[in-house]
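> Pasting the sequence and the predicted model now:
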Amino acid sequence: MASPKTLNIKNLKALGVERLAELLMDVTADDADARRYLRMELSAAQNPQSLEKEIRKRLSTIAKSGSFLDYGKIKKLSKDLENLRRMITERVAVNSRENALGLLWQLMDLADDTLERCSENPELLMRVFQNVCQDAAIVAQKTEQKPEYLAECIGNYILHNGYGQFDDLLFLMKDALGQTGILFLKKKFEKMLGEKKQKPSPKERKIVGYGMSGPLYEDEINGHHSKNILEYTLKDIADLMGDVDGYIGRYTKDQKTFPAIATGIAERLLEVGRAEEALTFLDNAKHRAGGYEPYLDRFAWANVRIRALETTGQEKKAQEFRWWCFDQFVSVEHLRGYLGKLPDFEDIEVEERALDRVMGDPDPHRALDFFLLWPDLERAARLIFSKTTSLDGNEYELLTAAAQMLDEKHPLAATLVLRSMIDHILANAKSKRYYYAAKHLGECESLAKRIDDYCGHMPHQDYVRHLQKAHPRKTSFWEKVI
């Protein structure tokens with residue numbers, strides 16, 4: 001049972017209305033934002049129109065501000081805007097959804113200018129504007145706004161999306177727009193894109209600077225940015241309309257060979273039962289040589305290709321490709337999939353062969369990650385013993401997980417992993433991570449009690465003396481060692 005002194009609604013109610021009002025006046029005496037919030041609550045209690053007027057007034061004041069925003073100001077403004085958002089959705093919308101939507105539009109109008117004034121990471125403000133987009137979608141769906149009007153508003157925000165704050169707006173608004181609104185926006189953007197492709201006459205073009213290749217024209221600089229937005233949005237619209245061919249048609253012939261794009265096209269074709277075409281796009285994808293292609297793009301491409309092969313009835317090829325994927329990525333997912341398709345008892349021999357393949361992988365970190373996920377802690381320990389000097393102590397996420405998993409049954413392997421992180425931190429004088437190095441050293445001391453044979457590696461006390469000799473001047477580290 002909570003103490004009567006605990007700060008909660010029940011205990012505060014016991015103070016009585018008059019005492020609570022006195023306390024509110026005291027605690028908000030030097031807090032202009034809090035007093036403004038209280039005045040808005042009073043306005044809401046008085047009449048909705050008064051509250052709407054207060055909110056519009058505050059939004060207009062914020063819009064007129066031109067000062068740069070450091071972290072402290074970003075935090076303060078984010079709280080202010082969040083309070084306004086809540087007032088609109090929790091107070092105004094109860095009485096008038098149309099008026100609430102208008103205020104949410106006004107709040108969204110602040111986005112580009114406000115984010116541009118940030119001298120620090122604007123993540124807090126981005127979160128507020130993304131929340132406003134979600135609220136606007138909910139409120140818009142419950143109003144009787146014409147789809148064409150909504151499409152005009154949404155199109156405007158998409159075109160003024162300098163920081164990506166409205167990236168999800170179209171998809172959030174799909175139900176409110178309906179097919180009528182989406183089609184209206186499609187025609188509007190297609191018309192705008194057609195106009196962008198028509199260059200103005202030489203006399204109408206304005207030079208805004210010069211580059212290595214000659215003059216820079218205003219229409220080329222501004223037009224290229226807005227042209228990309230239009231093209232990307234038209235792809236999204238095709239997706240919303242379920243128009244796979246329209247989506248594909250928005251890409252050039254060369255773009256369709258990019259693995260990430262080919263994968264996206266293939267996924268959509270599979271959804272509509274066009275697996276043969278999906279496989280063609282996947283097989284025509286041009287992968288970068290030398291392993292420079294993003295890992296996740298190549299992994300996604302591989303998984304969709306397996307689906308396409310199976311959907312077209314090519315089970316044998318799908319199985320062969322699974323093994324290829326396992327070998328390429330050292331992938332737990334693909335090996336499990338491969339083994340799951342084998343006849344009973346045959347999988348045991350193949351599994352052993354596969355795990356031996358992982359043990360011999362040239363990248364010990366990739367192999368260690370595999371054995372932790374499989375899991376096979378016995379092999380993980382053996383890998384660490386054979387590759388101790390090859391471990392990169394900067395791979396702290398992987399190595400920390402390894403130390404934790406190996407702690408109970410393989411204390412020496414866990415110790416060697418912890419030492420690799422300690423050595424890396426101290427050798428590179430990463431003072432901000434000295435706390436972790438000291439913590440790891442303490443863990444090594446605890447593990448030493450369960451190690452009878454160090455198998456040629458330094459016992460714990462010898463390792464500590466080695467560190468003292470190698471890093472005697474790193475006092476901020478030794479101060480943290482207990």
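Structure's in. What do you need?
> Quick check: Thr114 touching Leu59?
No. With contacts counted by Cβ atoms under 8 Å, Thr114 stays clear of Leu59, the gap being 11.0 Å. Any C-beta I mention is one placed from the backbone N, CA and C, and that applies to glycine too.
> Those two - which one has more neighbours?
Thr114 (23 against 18; other Cβ atoms under 10 Å).
> Report all helices and strands that the host helix or strand of that one contacts.
Assigned by DSSP states H and E, Thr114 falls within helix 111-116. With contacts defined as 3 or more Cβ pairs under 8 Å, 6 or more residues apart in numbering; DSSP states H and E, helix 111-116 has these neighbours: helix 123-141.
> Tell me the buried residues in the helix it packs on?
By neighbour count on 16 or more other Cβ atoms under 10 Å, the buried set for helix 123-141 is 124-126, 128-130, 132-133, 135-141.
> now swap in stretch 349-360 and tell me
In stretch 349-360, counting by 16+ other Cβ under 10 Å, buried: Glu351, Ala354, Leu355, Val358, Met359.
> One more: stretch 34-54?
In stretch 34-54, counting by 16+ other Cβ under 10 Å, buried: Arg36, Tyr37, Met40, Ser43, Ala44, Pro48, Leu51, Glu52, Glu54.
> again, but for stretch 167-180
Leu169, Leu170, Leu172, Met173, Lys174, Ala176, Leu177.
> What of stretch 362-382?
364-365, 367-372, 374, 376-377, 379-381.
> Serialize the residues you listed to CSV and add fields for distance to Asp283, secondary structure and pLDDT.
Formatted as CSV, the buried residues of stretch 362-382 follow (distance: Cβ to Cβ, whole Å; DSSP: H, G, I helix; E, B strand; the rest coil; pLDDT from 0 to 100):
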residue, distance to Asp283, secondary structure, pLDDT
Pro364, 33, helix, 97
His365, 31, helix, 98
Ala367, 30, helix, 98
Leu368, 33, helix, 98
Asp369, 29, helix, 98
Phe370, 28, helix, 98
Phe371, 33, helix, 98
Leu372, 34, helix, 98
Trp374, 31, coil, 97
Asp376, 34, coil, 98
Leu377, 39, helix, 98
Arg379, 35, helix, 98
Ala380, 36, helix, 98
Ala381, 41, helix, 98
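> Relative to Ser3, which of the residues you listed is nearest.
Taking Cβ to Cβ as the measure, Leu372 is the one of the buried residues of stretch 362-382 closest to Ser3, at 44.9 Å.
> OK, contacts around the closest one?
Ala380, Leu398, Ala401, Ala402, Met405 (Cβ atoms under 8 Å, 6 or more residues apart in numbering).
> Excluding sequence neighbours, find me the nearest residue to Ala448.
Residue nearest to Ala448 in three dimensions, not counting chain neighbours: His460, with 3.8 Å by Cβ to Cβ, 6 or more residues apart in numbering.
> And the one you found, how far from Leu368?
His460 sits at a distance of 23 Å from Leu368 (criterion: Cβ to Cβ, to the nearest Å).
> what about Pro362, is that helix, strand or coil?
coil (DSSP: H, G, I helix; E, B strand; the rest coil).
> can you give me the helices in the stretch 51-200 of the chain?
71-87, 93-95, 97-108, 111-116, 123-141, 147-159, 169-172, 174-196 (DSSP state H, counting those that start in this stretch).
> export the ones you listed to TSV and tack on distance to Thr312 and mean pLDDT?
Listed next are the helices of the stretch 51-200 of the chain as TSV, based on distance: least, Cβ to Cβ, whole Å; pLDDT from 0 to 100:
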stretch	distance to Thr312	mean pLDDT
helix 71-87	49	93
helix 93-95	51	91
helix 97-108	46	96
helix 111-116	46	94
helix 123-141	38	96
helix 147-159	37	95
helix 169-172	30	97
helix 174-196	31	92
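> out of those, which comes closest to Asp31?
helix 71-87 (10.6 Å).
> Excluding chain neighbours, what is closest to His440?
Leu418 (4.4 Å).
> pLDDT wise, what is the one you found at?
With respect to pLDDT, Leu418 has a value of 98.
> State the mean pLDDT of stretch 310-327.
Mean predicted confidence for stretch 310-327 is 97.
> Which parts of that stretch count as buried, going by neighbours?
Glu310, Thr311, Gln314, Ala318, Gln319, Phe321, Arg322, Cys325, Phe326.
> Tell me the spacing between the third one and Arg268.
Translated: Gln314. Counting by Cβ to Cβ, the gap from Gln314 to Arg268 is 20 Å.
> The fourth one now?
In this view, Ala318 and Arg268 are 20 Å apart by Cβ to Cβ.
> now the last one
Plainly put, Phe326 is 27 Å away from Arg268 if you go by Cβ to Cβ.
> one step back: the residue nearest to His440 is in contact with Gly442, isn't it?
No. Using Cβ under 8 Å, Leu418 makes no contact with Gly442, being 9.6 Å away.
> the more surrounded of the two?
Legend: neighbour count by other Cβ under 10 Å for Leu418 and Gly442, higher for Leu418 (26 against 14).
> got the contact list for the more buried one?
Leu399, Ala403, His440, Leu441, Glu443, Cys444, Leu447.
> which residues does the third one contact?
What it means is His440. Ala403, Leu418, Arg419, Met421, Ile422.
> Now secondary structure too, for the residues you listed, in JSON lines please.
Listed next are the contacts of His440 as JSON lines, based on three-state DSSP:
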{"residue": "Ala403", "secondary structure": "helix"}
{"residue": "Leu418", "secondary structure": "helix"}
{"residue": "Arg419", "secondary structure": "helix"}
{"residue": "Met421", "secondary structure": "helix"}
{"residue": "Ile422", "secondary structure": "helix"}
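> got those residues as TSV, with distance to Trp301 columns?
What follows is the contacts of His440, written out as TSV (distance: Cβ to Cβ, whole Å):
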residue	distance to Trp301
Ala403	34
Leu418	37
Arg419	39
Met421	34
Ile422	39
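> Which of those residues sits closest to Lys432?
Using Cβ to Cβ, Met421 is the member of these that lies nearest Lys432, at 13.8 Å.
> Skipping its backbone neighbours, what lies nearest Glu351 in space?
Leu339 (6.0 Å).
> ok, now how distant is that neighbour from Val94?
Taken as Cβ to Cβ, the span from Leu339 to Val94 is 58 Å.
> So for those two, which residue has more residues nearby?
Ranked by neighbour count (other Cβ under 10 Å), Leu339 and Val94 place Leu339 first, with 16 against 11.
> Flag every buried residue along the helix or strand harbouring that one.
Per DSSP H and E, Leu339 falls inside helix 332-340. By neighbour count on 16+ other Cβ under 10 Å, the buried set for helix 332-340 is Val332, His334, Leu335, Gly337, Tyr338, Leu339.
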